[in-house]
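Novice: predicted model follows, preceded by the sequence.
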Amino acid sequence: MTVISVLPGDGVGQEVVPEALRVLDDLGLGLEFDVLDHVNAGAYLATGTALSDDDVDRIRRSDAALFGAIGDPRVTSPDYARGVLLRLRFELDLYVNHRPVSLPAERLSPLKDAKRGAIDCVVVRENSEGLYAGIGGALRQATSHEVALDVEVNTHSGVSRILDYAFGIARSEVCMVDKSNAVPNGGRLWQRCWADARRRHPAMVTRHLYVDAAAMRLVSDPAGFDVIVTNNSYGDILSDLAAELGGGIGIATSVNLNPSTGFGLYEPVHGSAPDLAGRGVANPVAAILCAALMLGDLGHTAEAEAVRAAVARTVEAGRCTPDLGGSLGTAQAGAAIRAELG
C-alpha cells in the first residue's frame, strides 16, 4: 500500500488539496491518504506547536507528502512557517527544490514566442543551505546602532549533490547560476564543484551565468533553458520568475525532494492566499499538477501524463478559474479536469 501524507494547511490550501485528492481517487490507484488536517495556524495559535514529533514521524513513514499552503494573517511570528516547512526540509534532508515550468496554453505567457519553441524547463534550487539556513544574529536590536547578520552557508557536499541531481535530470543542457564575481568565498566553492561536476558528466552541454544575467536571459528567451541549478536564495527568485513566464503562480508546482530516500514533499507555489480563502475561487491546477508530479515520481508515469494532459486541455478551452481566463470556481475547475481525465 502506498501511503500519502496530506497536509492541507492554511487558507486556499484547504480548498485546492481536496480537488487534487479527488483526481487521485478517480484514477483508482489504491493510494491511502493520511490526512494531518490539524497542522494549521489555528492549532498553532492554540497550542504553540507548529508540527509535533509524532507528526514528523507519521510523515516520515509515508511514501510521499502532498502539501497545501502555510501562512495566516493572525500569525506574525516566522516560527510557525519555519516549524512546519523548514523543519520537514531539514529533518527529512529534502535538499532538492525541483520547480518544473511548462506552459499549458500559449495565451498565459507574456513572453511566448512560437519561433523560439516551448517554455519547458526546471529550476533546481539547493534547499538546505545558503541564506535560509538560519545562521546569523543581531546585536543591539531595536536601536539605531543595530547590526544584523545573515550568513550564507555553502558546503562542498551540499553543492556537489545538487549539481549532480541537476545533471541527472537534464535532457539537453545544465545552466549553473551564481554570483561568483561578487560573492567570492561561496562563489569559489560553487565554481570548483561545478568544474568537478562537468568532469563527471562530460557528455552534457553546460552553461554558466551570473544571476543578474540569468534573470535577463529568462525574460528575453524563456524557451532557451532546460535545467537551471543554483543556490537557495537565487533559486527562490529565479523559480518565481520562471513560473510567471510559464503561466503564473496559480499553476506553479514544486517538490522538496531527497533523491537518496525517494521521499518528496509536493507543494503548490501559490501559498495560502488569504485574500482568496473561503471564496471558492482559488485555482486548483497547481495542487492537481503537484499530484501529477508525485504520481510520476511514484512510478505511475502514464497516469501522471494523463493528468497533465487533462489540465492542459481544460485550460486551453477556458474551463478554468478567472486567473487563467475562465469563469469557474475551485470545485468546478477541479470537476472539469476530472471530467476531461475520465
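Specialist: It's in. Numbering: from 1, shown residues only.
Novice: C-alpha from now on. contacts and neighbour counts both.
Specialist: Will do.
Novice: tell me, how many residues neighbour residue 204?
Specialist: For residue 204, the number of neighbouring residues by other Cα atoms under 10 Å comes to 16.
Novice: quick check: phi and psi at the closest residue to it other than its chain neighbours.
Specialist: The spatial neighbour of residue 204 that comes closest, neighbours along the chain excluded (Cα to Cα, 6 or more residues apart in numbering), is residue 173 at 6.2 Å. Taking degrees, to the nearest 10, you get phi -160, psi 150 for the backbone angles of residue 173.
Novice: mind listing what residue 173 touches?
Specialist: When the contact criterion is Cα atoms under 8 Å, 6 or more residues apart in numbering, the partners of residue 173 are 204-207, 225-227.
Novice: for the stretch 1-150 of the chain, what spans make up the helices?
Specialist: 13-27, 41-47, 53-61, 79-81, 87-91 (DSSP state H, counting those that start in this stretch).
Novice: those helices: which one's closest to residue 271?
Specialist: Closest approach to residue 271 among the helices of the stretch 1-150 of the chain (Cα to Cα): helix 13-27, 7.5 Å.
Novice: got a list of contacts for the closest one?
Specialist: Contacts of helix 13-27 (Cα under 8 Å, 6+ apart): 8, 31, 66-70, 271-272, 277-278, 280, 282-284, 287-288, 291, 303, 330-331, 334, 337-338.
Novice: just the buried ones from those residues?
Specialist: Buried members of these, scored by 16 or more other Cα atoms under 10 Å, are 8, 66-70, 271-272, 277, 280, 282-284, 287-288, 291, 303, 330-331, 334, 337-338.
Novice: now, these that are in helices?
Specialist: Of those, the ones assigned to helices by DSSP state H are 287-288, 291, 303, 330-331, 334, 337-338.
Novice: distance to residue 4 and pLDDT for those - can I get that in CSV?
Specialist: Compiled in CSV, these are given as follows (distance: Cα to Cα, whole Å; pLDDT from 0 to 100):
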residue, distance to residue 4, pLDDT
287, 14, 98
288, 14, 98
291, 10, 98
303, 16, 98
330, 22, 97
331, 22, 97
334, 20, 97
337, 21, 98
338, 20, 98
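Novice: wait, residue 306 touches residue 341, no?
Specialist: Yes: contact between residue 306 and residue 341 holds when scored by Cα atoms under 8 Å: they sit 6.8 Å apart.
Novice: counting neighbours, go ahead and name the busier of the two.
Specialist: The residue with the greater number of neighbours, taking residue 306 and residue 341 and applying other Cα under 10 Å, is residue 341; the counts read 19 against 16.
Novice: so that one is in contact with residue 307, correct?
Specialist: Yes: using Cα under 8 Å as the test, residue 341 is close enough to residue 307 to be in contact (6.5 Å).
Novice: let me see the contact set for residue 77.
Specialist: Applying Cα under 8 Å, 6+ apart as the definition, residue 77 turns out to have no contact partners.
Novice: measure it to residue 7 for me?
Specialist: According to Cα to Cα, to the nearest Å, residue 77 stands 20 Å off from residue 7.
Novice: right, I'll leave it there.
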